[in-house]
Each structure stands twice: as structure tokens, then as C-alpha cells.
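Visitor: mind folding the following:
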Amino acid sequence: MSSKSNHHPTEDEIKQLATELGIDLAEIFRPARAYPRFGLGHSQVAEKVAAGEIEPPIPLTETGHAVGWTGRQMVIHHWRRLQLAVAKKKQVAA
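Guide: Sure, this is the predicted structure:
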């Protein structure tokens, strides 16, 4: 986690974390497959999307009824969570 920004990982960080997590960056994760990857249930994901903590899923059709997250979105979410965990650990150690 060496990115200069706390909100945007570098492309290399994205690729490395995707490899570690076994996530294809271009793959689309429909909700039923995404929730376990987030480690959260439907209601918790909905709350975090509403709060801006998780990017909203992208519409997969013109009507927007079918939605999903890209692997890239999921990896960036994990990266942000890891950044927060590292920052919290540093606060506790200080």
C-alpha cells in the first residue's frame, strides 16, 4: 500500500491486489456474487452504497434493472478498506 493518494490506488496496486484476491478486473459481479466478495449482506452493501463507501453497481441493461460491479470496482473497494485498516493500526500504535 504505497500509493501517494489515500483515495486512488495506482494501476500497479490495482493489478497486484486483483491477483492476490483472484479477481478479474474486467469481470462483472452480479449482486449475488458480489456480496460475499464485499464480505457484507445485501442491506449492508445498500447502506454503504447510499453512504458513498461503495461505488454503486453499473447498469447492465438500458432499463438498469440488471446491475453489477466490475472487478476493478471491487478491487478498489478492497484497497480503500486496507488503507483504512493500516491507518487505524498506525493510530493505535501511536
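Visitor: which parts of the helix or strand containing Arg37 are buried?
Guide: If you go by DSSP states H and E, Arg37 is part of helix 31-38. Using 16 or more other C-beta atoms under 10 Å as the test for burial, helix 31-38 gives 34-35, 37-38. Where you see a C-beta, it was placed from the backbone N, CA and C, and this is true even at glycine.
Visitor: same for it, what does it pack against?
Guide: helix 42-50, strand 67-70, helix 71-93 (3 or more C-beta pairs under 8 Å, 6 or more residues apart in numbering; DSSP states H and E).
Visitor: let's see 10 Å
Guide: Taking 3 or more C-beta pairs under 10 Å, 6 or more residues apart in numbering; DSSP states H and E as contact, the helices and strands that helix 31-38 lies on are strand 28-29, helix 42-50, strand 67-70, helix 71-93.
Visitor: could you report the separation of Met57 from Ala18?
Guide: Residue 57: Pro, not Met. For Pro57, the distance to Ala18 (C-beta to C-beta, to the nearest Å) stands at 18 Å.
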